[in-house]
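>>> Take a look and give me a structure for this.
(2 chains)
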2 protein chains.
Amino acid sequence: MELWFTEKHTQGAGLSLKCKRTLYSHKSRFQQIDVLETEEFGRLLLLDGLVMTTERDEFFYHEMLVHPPMHYHGERVQSVLVIGGGDGGAVRELLRYPEIERVILCEIDKEVVDVSKRFFPSISFALDDPKVEIKYADGSTILGEHKNDLDMIIIDSTDPIGAAKVLFTERFYRSCRKALKKNGILCAQSESPIYHLSTIKEIKEALKAAGFPFLNFYISPVPTYPGGLWSWVMAGCNDMKIQEKFQPLSKKTYDELKFFNLDILKGCICLPNFFKKALSL
Amino acid sequence: MELWFTEKHTQGAGLSLKCKRTLYSHKSRFQQIDVLETEEFGRLLLLDGLVMTTERDEFFYHEMLVHPPMHYHGERVQSVLVIGGGDGGAVRELLRYPEIERVILCEIDKEVVDVSKRFFPSISFALDDPKVEIKYADGSTILGEHKNDLDMIIIDSTDPIGAAKVLFTERFYRSCRKALKKNGILCAQSESPIYHLSTIKEIKEALKAAGFPFLNFYISPVPTYPGGLWSWVMAGCNDMKIQEKFQPLSKKTYDELKFFNLDILKGCICLPNFFKKALSL
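Numbering: from 1, shown residues only, chains lettered A, B, ... in the order given. As a prediction, this is how the structure comes out:
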């Protein structure tokens, strides 16, 4: 018998992964959580049946979620809020920066953190670091506790359906802006350029309306995500520029990364015509 | 009833596409040829059960196969040989350059050309251009007819199995070098960075051994190809450099492209760490 899991990315296309067995399957207060052991990508975390991360390709996503905004910020980043991201991958990448003193992880579903600690130690290990404070709450509540005191906010959300829908609204982005310092950067995953161009356009318009005049979209491959290609957006109140030769990580740490490097930093903001046209960039 | 086609990219991962109907299915002298009407990607061409191209995402591949080497060449490109590529997509992109006077398409299987003309007119239309000469033969035979008279060779091959295996050998690359002018460029599709790193390494070593000292690998997304990410390599006897502000196409033509632009030209050679390490780049 062969057991295959297929995530339908649209009504007519999907990714199929052969599975060895189910390691965990439970409905939490917020969502269905499953962990499968796949043949090709190692362990796979599913939330409501959608691929969140796999052991083999999580670095494509997590490195590109964190390192571009950390290199665009250009000043000392001390305090970062991660919204979502209960698997711990974003936190792990943030803690590579010695300058970061405090990471607040705001995850609505404690069971995601527990499952990640149990089944994905290579992704979640940084969650036990003393610099990390985990708050089990929705993002809006935590944002209300901050006023111009965060250097960076990372939105590591699921797709804009169900509980995560609010994380893609103008109102929410406005709360982020108020929680950030004047030179702060918001970085959000912004869905697939292949299948979700209209959502990406809505994200752009909501960020502009929320008072972020400077937006930098970037794209990079994630093999197990819809279309194999993903997008993110950095939003700021000041113009963001890559500072040539700005290297906030040690040579050893750059060498340890599996995807990101200073070439990728320049390359990821090079956008194809269809993407620029759809977003009027 | 729902009909789904799944291409297994490995034993444990694949792309699944919902199909409306089969438009063509026939075993030619060389391979099984199928054309399916898919729900998400329009018409789909399969050779021996593997995705060659789809109406919706063919531009990701064909634009990136042709425009990077055409921009790296830096001198007048008049004469180009395409090996494989019977669908006509590479030829269509080449004919966007007014400087190109002659394109020879060397396709071993006439039935691929016939099927493409019949079912994929938006990809194949350029095959009827008077600048194009189609030769139904294997690549090695045609290369024997040339000596230092080609400006560019494009290898638009299937995977290195069956008839296409020879197109990945040192011997074949050596024939290419001899057919090229001194400043000529060979550009070949070089498989998926996600699943075929060892093949890409073999391509690198074979090209070096064949007397191409300068190699430039580049990568770009192709949603329906294995891993959603593809690689190509430009090989030359002289060092290749992007000449800033070198624009061999008209503004109108650049605007017509769906993927490639001068930012992408710079971005596509920015390679992730795992790729550089695997290839010792």
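>>> what residue is smack in the middle of chain A?
A:Asp156 (3.3 Å; Cα atoms, centre = their mean).
>>> any idea how far that residue is from A:Leu94?
Distance, A:Asp156 to A:Leu94, using Cβ to Cβ, to the nearest Å: 11 Å. Placement of C-beta: from N, CA and C, glycine included.
>>> anything in contact with each of these two?
Common neighbours of A:Asp156 and A:Leu94, using Cβ atoms under 8 Å, 6 or more residues apart in numbering or on different chains, are A:Val82.
>>> And A:Leu17, which helix or strand is it part of?
strand A:13-27 (DSSP states H and E).
>>> ditto for A:Val112
Take DSSP H and E as the rule and A:Val112 turns out to sit in helix A:110-119.
>>> Output the contacting helices and strands for the next helix-or-strand element following that helix.
Per DSSP H and E, the first helix or strand lying C-terminal to helix A:110-119 is helix A:121-124. If you count contacts as 3 or more Cβ pairs under 8 Å, 6 or more residues apart in numbering or on different chains; DSSP states H and E, helix A:121-124 packs onto helix A:89-94, helix A:110-119.
>>> Identify whichever of those lies nearest to B:Gln189.
With Cβ to Cβ, the closest approach to B:Gln189 among the helices and strands packed on helix A:121-124 belongs to helix A:89-94: 31.9 Å.
>>> tell me which residues in whichever helix or strand comes after the closest one are buried?
Proceeding C-terminally, helix A:89-94 gives way to strand A:102-106 as the next helix or strand, assigned by DSSP H and E. Residues of strand A:102-106 classed as buried: A:103-106 (neighbour count, 16 or more other Cβ atoms under 10 Å in any protein chain shown).
>>> need the contact list for A:Val66.
Shown here is A:Val66, whose contacts under the criterion Cβ under 8 Å, 6+ apart are A:90, A:93-94, A:154, A:187.
>>> My error: substitute A:Pro226 in the last question.
Neighbouring residues of A:Pro226 by Cβ under 8 Å, 6+ apart: A:7, A:9-10, A:15, A:192, A:194-196.
>>> can you put those residues in CSV and add secondary structure and distance to chain B?
Below are those laid out as CSV (DSSP: H, G, I helix; E, B strand; the rest coil; distance: Cβ to the nearest Cβ, whole Å):
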residue, secondary structure, distance to chain B
A:Glu7, strand, 9
A:His9, coil, 8
A:Thr10, coil, 5
A:Leu15, strand, 7
A:Ser192, coil, 9
A:Ile194, coil, 5
A:Tyr195, coil, 9
A:His196, coil, 13
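>>> Out of the residues you listed, the closest to A:Ser175 would be?
Checking the contacts of A:Pro226 against A:Ser175 with Cβ to Cβ, the nearest one is A:His196 at 23.2 Å.
>>> want to throw the helices and strands packed on helix A:121-124 into CSV with mean pLDDT and distance to chain B?
Shown next, in CSV, are the helices and strands packed on helix A:121-124 (pLDDT from 0 to 100; distance: least, Cβ to the nearest Cβ, whole Å):
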stretch, mean pLDDT, distance to chain B
helix A:89-94, 98, 14
helix A:110-119, 98, 19
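>>> now, of these, which is deepest in the fold?
helix A:89-94 (a mean of 26; mean count of other Cβ atoms under 10 Å in any protein chain shown).
>>> Run through the residues of chain A sitting next to chain B.
For chain A, the residues in contact with chain B (Cβ under 8 Å from any Cβ of the partner chain) are A:6, A:10-18, A:38-41, A:57, A:194, A:221, A:223, A:227-229, A:255, A:257-261, A:263-264, A:266-274, A:276.
>>> go again using 7 Å as the cut-off
A:6, A:10-18, A:38-40, A:194, A:221, A:223, A:227-229, A:257-259, A:261, A:263-264, A:266-267, A:270-274 (Cβ under 7 Å from any Cβ of the partner chain).
>>> all helices for the stretch 51-200 of chain A, in order.
Applying DSSP state H, counting those that start in this stretch to the stretch 51-200 of chain A gives helices spanning A:58-73, A:89-94, A:110-119, A:121-124, A:139-143, A:170-179, A:197-209.
>>> so which of those helices gets nearest B:Lys181?
helix A:58-73 (39.4 Å).
>>> Dump the helices of the stretch 51-200 of chain A to a markdown table, plus distance to B:Gly86.
Formatted as a markdown table, the helices of the stretch 51-200 of chain A follow (distance: least, Cβ to Cβ, whole Å):
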| stretch | distance to B:Gly86 |
| --- | --- |
| helix A:58-73 | 33 |
| helix A:89-94 | 43 |
| helix A:110-119 | 47 |
| helix A:121-124 | 44 |
| helix A:139-143 | 52 |
| helix A:170-179 | 49 |
| helix A:197-209 | 31 |
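>>> Of all those helices, which one comes closest to B:Val112?
helix A:197-209 (31.9 Å).
>>> So for A:Asn183, which of the helices and strands packed on helix A:121-124 sits nearest?
The nearest among the helices and strands packed on helix A:121-124, by Cβ to Cβ, is helix A:89-94 at 17.6 Å.
>>> next one: the closest one to chain centre, how far?
Put simply, helix A:89-94 sits 10 Å off its chain's centre (Cα atoms, centre = their mean, to the nearest Å).
>>> Mind giving me the packing neighbours of it?
helix A:58-73, strand A:79-84, strand A:102-106 (3 or more Cβ pairs under 7 Å, 6 or more residues apart in numbering or on different chains; DSSP states H and E).
>>> Try it again at 8 Å.
Under the contact criterion of 3+ Cβ pairs under 8 Å, 6+ apart, helix A:89-94 touches helix A:58-73, strand A:79-84, strand A:102-106, helix A:121-124, strand A:150-156.
>>> Same list (those) but as JSON lines, adding distance to A:Gly236 and mean pLDDT.
Formatted as JSON lines, the helices and strands packed on helix A:89-94 follow (distance: least, Cβ to Cβ, whole Å; pLDDT from 0 to 100):
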{"stretch": "helix A:58-73", "distance to A:Gly236": "8", "mean pLDDT": "97"}
{"stretch": "strand A:79-84", "distance to A:Gly236": "14", "mean pLDDT": "98"}
{"stretch": "strand A:102-106", "distance to A:Gly236": "20", "mean pLDDT": "98"}
{"stretch": "helix A:121-124", "distance to A:Gly236": "28", "mean pLDDT": "98"}
{"stretch": "strand A:150-156", "distance to A:Gly236": "10", "mean pLDDT": "98"}
